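Enquirer: Pasting a predicted model and its sequence here:
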Amino acid sequence: MRKLALILLAASAVLVLAGCTASANPEFAPASGSPAEFPEWVREDFTNEYSDLTLVSEDTEEVDQDLIYSARNTKDFVCVVIATPPTGGGDGDDWFLSAGCVPPSRFAENGAMVSYGGGGRSGGAHLFPTGFNIPLEAGWVRVSPQLAIRD
């Protein structure tokens, strides 16, 4: 009986520890990312929706002019946000912001993904949690350990 009690106690401890580990917030900003703000051309009503904004596309030539960020939204979901600049040197109003947000537990399993298309422009970004090594779908290219893009 004593052995059974010890086994049950050990199993309970393992389950509690596993629950603590699984519920921890995953790291969602690559170590190479820089704390950031949206550019001036993004309207203020969009900027208030996101916190912990980190530029994750810095020094990534494959991204072109899009700016890709990791962030948290007002629901504390993990987000990948793409800011696509206006055409014609930045004076136009044809910029757009696209975001894909998921709860932290879902991000820990699959990351966060967003795709956009319109105005003759399209693309996408997939932000991964640390250590994510699941094969990518066709059309996606990994540009850093925690970021893949699609043109």
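Expert: Great, that's in hand.

Enquirer: what packs against whichever strand or helix holds Leu53?
Expert: Element membership for Leu53 (DSSP states H and E) is strand 50-55. On a contact count with 3 or more C-beta pairs under 8 Å, 6 or more residues apart in numbering; DSSP states H and E, strand 50-55 meets strand 34-35, strand 67-73, strand 78-84. (Each C-beta comes from the backbone N, C-alpha and C, glycine too.)

Enquirer: ranking these by mean pLDDT, which is last?
Expert: Lowest mean pLDDT within the helices and strands packed on strand 50-55: strand 34-35, a mean of 71.

Enquirer: what element comes up after it heading to the C-terminus?
Expert: Note on strand 34-35: by DSSP H and E, the next helix or strand toward the C-terminus is helix 44-47.

Enquirer: Report the buried residues of that following helix.
Expert: For helix 44-47, the neighbour count (16 or more other C-beta atoms under 10 Å) marks no residue as buried.

Enquirer: For this structure, just list every one of the helices.
Expert: In the chain, the segments counted as helices under DSSP state H are 2-23, 44-47, 104-110.

Enquirer: picking up where we left off before, Phe96: which of the helices and strands packed on strand 50-55 is closest?
Expert: Among the helices and strands packed on strand 50-55, strand 78-84 comes nearest to Phe96, with 5.2 Å by C-beta to C-beta.
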